[in-house]
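S.K.: Here's my sequence, what's the structure:
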Amino acid sequence: MDEQHKGKQVGRAAATGLGLAAAAVGGVAIAGAGLAGRTAVRRSRAYAVTGRDKVHVFPFVADKVVAVPANDGVVLHAEIDEPDGWTPVAGPTVVLVHGFVLNLSSWVHQRRGLVDAGYRVVSYDQRNHGVSESGDLARCTIDQLGKDLRAVIDATTPDGDLVLVGHSMGGMTIMSFAGRYPELTRDRVTGAALIATSAGGDSLVQLGLGMTFDRIIAKLGPGFLDGLGQREGVWGGLRAIGRGVENHFVQKYAFGTEMPKEMLRAVATMVFGTRLDAIGAFLPELDELDVRESLPGLVETPMLIVAGSKDVLTPPQHSERLAEALPAAEFIVIPGVGHLLQLERPGPVTDAVLALLERPRGVDAEKDAERAKAAVRGQSA
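M.R.: The predicted structure is shown next:
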């Protein structure tokens, strides 16, 4: 077996993303719970984030909360922010689509910045994430997420211009949406931002968790995560006995610079608020992702592509390939930051999105790109 095939085989089973890091620390939780016994399992329930106990780690008082039924009946949690005096003619509505094992909390800085700038904002929790309902695991697919985005748009913003902003799996959701609904995209989407994401076409990045762990996951597969997810005390056990390990994995895979413990805890709460069976269902889908055929649906749309130079989950090469397929897009690499760049360096990300919002169709994209890059360089200095 050649090295490329071997790497892809391991990648498909071990998959990719922050969720696998979560699975890894879940494995540590198993060992820890075994050592500490029943007491640790009892304590773990105080830290587990499940069912109706789920909360958004960065509370934000929305103007409206909307329950959005997806096409299969799963109810998605959506929030709407409207600036004082906002009217439909004031500008496009910005729809924020979060990434894998996160929730709408990950957009807290952008929500504030966009509302302060006078824009209406819609954010929502993807299915099986955050406060949204969990549906059939067979529907944990990027294609279904594209349909869910359509449902959110129909329920919250049936008319008017839209700008879609997606991070990681959220960017994949937008690409899926554009491929499935090309006419709506052409007629109403006046801009789209793809942040720390990939169109796939090859096995996504491996996490380097070590050959022993990789082989365990490769052998047991997503079903292992499904079974582990049924053991609430074990899954939550790490929160009671291994916070240092948990922080280490979040720091390593989410950020490029040293982050305060409060931020690491907040991100860990989002990660551990995602059921392991859902993680196991999404991982093969993400690893085998290929939405490149959807990209022509975005060719006529003003685009922004943003990557973090130290992103180990979706390295800048993935964004470079997107930029090659969408040559009119602004492509910005923010130096020194990792996968959760919207939390690590919110200023440059928010400013880049605002620059996209201010760019009407037909304006010379190259000039706008240079202006946006210059602004990022200035903030990074």
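S.K.: Every contact and neighbour count from this point should use C-alpha atoms.
M.R.: Fine.
S.K.: I'd guess residue 154 is in a helix, am I close?
M.R.: Yes - counting by DSSP: H, G, I helix; E, B strand; the rest coil, residue 154 is found in a helix.
S.K.: That one: neighbour count?
M.R.: The number of residues packed near residue 154 is 12, by other CA atoms under 10 Å.
S.K.: The one 10 residues further on too?
M.R.: Applying other CA under 10 Å, we find 24 other residues in the vicinity of residue 164.
S.K.: Surely it is in a helix?
M.R.: No - remark: residue 164 does not belong to a helix; assigned using three-state DSSP, it is strand.
S.K.: so how far is residue 89 from it?
M.R.: Going from residue 164 to residue 89 by CA to CA, to the nearest Å gives 18 Å.
S.K.: for the protein, what spans make up the strands?
M.R.: Under the criterion DSSP state E, the chain contains strands at 64-69, 75-81, 93-97, 120-124, 162-167, 189-195, 303-308, 330-334.
S.K.: tell me the contacts of the closest residue to residue 169 other than its chain neighbours?
M.R.: Excluding its sequence neighbours, the residue lying closest to residue 169 (CA to CA, 6 or more residues apart in numbering) is residue 99, at 4.4 Å. Remark: with contacts taken as CA atoms under 8 Å, 6 or more residues apart in numbering, residue 99 is in contact with 166, 167, 168, 169, 170, 171.
S.K.: Looking at the residues you listed, which is nearest residue 347?
M.R.: If you rank those by distance to residue 347 using CA to CA, residue 167 comes first, at 15.4 Å.
S.K.: how does this protein divide into domains?
M.R.: The chain is divided into the following domains under automatic domain parsing: 3-52+211-286, 59-202+294-380.
S.K.: got JSON lines for those domains, with mean pLDDT too?
M.R.: What follows is the domains of the chain, written out as JSON lines (pLDDT from 0 to 100):
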{"stretch": "domain 3-52+211-286", "mean pLDDT": "58"}
{"stretch": "domain 59-202+294-380", "mean pLDDT": "90"}
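S.K.: still on that earlier bit, among the contacts of residue 99, which one has the most neighbours?
M.R.: Using other CA under 10 Å as the neighbour criterion, residue 167 leads the contacts of residue 99 with 29 neighbours.
S.K.: distance of the nearest residue to it once chain neighbours are set aside from residue 248?
M.R.: For residue 167, the nearest residue in space outside its immediate sequence neighbours is residue 195; the separation is 4.6 Å by CA to CA, 6+ apart. For residue 195, the distance to residue 248 under the criterion CA to CA works out to 24 Å.
S.K.: which of those two has more neighbours?
M.R.: For the pair residue 195 and residue 248, the greater number of neighbours falls to residue 195 (31 against 13), based on other CA under 10 Å.
S.K.: For beta bridges, what are the partners of the more buried one?
M.R.: Using DSSP bridges, the bridge partners assigned to residue 195 are residue 167, residue 306.
S.K.: mind starting the numbering at 27 from now?
M.R.: From this message on, residue numbering opens at 27, which makes the last subject residue 221.
S.K.: thought it was touching residue 340?
M.R.: No - under the criterion of CA atoms under 8 Å, residue 221 lies out of contact with residue 340, with a separation of 9.8 Å.
S.K.: Quickly list what's touching both of those two.
M.R.: The contact sets of residue 221 and residue 340 overlap at residue 194 (CA under 8 Å, 6+ apart).
S.K.: can you dump the C-alpha coordinates of stretch 105-113 into PDB?
M.R.: Taking Å, rounded to 0.1, in the frame of the first residue of the first chain, the C-alpha atoms of stretch 105-113 are listed here in PDB:
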ATOM      1  CA  GLU A 105     -31.200  34.600  16.700                       C
ATOM      2  CA  ILE A 106     -31.700  38.000  15.000                       C
ATOM      3  CA  ASP A 107     -30.000  41.200  15.900                       C
ATOM      4  CA  GLU A 108     -31.400  44.500  14.400                       C
ATOM      5  CA  PRO A 109     -29.700  47.900  14.900                       C
ATOM      6  CA  ASP A 110     -31.900  50.800  16.100                       C
ATOM      7  CA  GLY A 111     -34.000  52.100  13.200                       C
ATOM      8  CA  TRP A 112     -33.000  49.300  10.900                       C
ATOM      9  CA  THR A 113     -35.200  49.000   7.700                       C
END
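S.K.: Show me the contact partners of it.
M.R.: 88-92, 137, 141-142, 144-150, 182.
S.K.: Among those, which one lies nearest to residue 372?
M.R.: Residue 372 has its nearest neighbour among the contacts of stretch 105-113 in residue 137, at 10.6 Å by CA to CA.
S.K.: okay, now the closest one: neighbour count?
M.R.: Summarising burial for residue 137: neighbours were counted as other CA under 10 Å, giving 26.
S.K.: which residues sit in contact with the closest residue to it other than its chain neighbours?
M.R.: The shortest distance from residue 137 to any non-neighbouring residue, by CA to CA, 6+ apart, is to residue 147 (6.8 Å). Shown in contact with residue 147 (CA under 8 Å, 6+ apart): 106, 107, 108, 119, 120, 121, 122, 137, 140, 141.
S.K.: rerun that using 7 Å as the cut-off
M.R.: If you count contacts by CA atoms under 7 Å, 6 or more residues apart in numbering, residue 147 has them with 106, 107, 108, 119, 120, 121, 137, 141.
S.K.: any idea how far residue 96 is from the second one?
M.R.: From residue 107 across to residue 96, the span is 21 Å (CA to CA).
S.K.: what does the fifth one give?
M.R.: Between residue 120 and residue 96 the distance is 20 Å, computed by CA to CA.
S.K.: Neighbour count: these two, which is higher?
M.R.: Remark: of residue 120 and residue 96, residue 120 carries more neighbours, 27 against 20, as counted by other CA under 10 Å.
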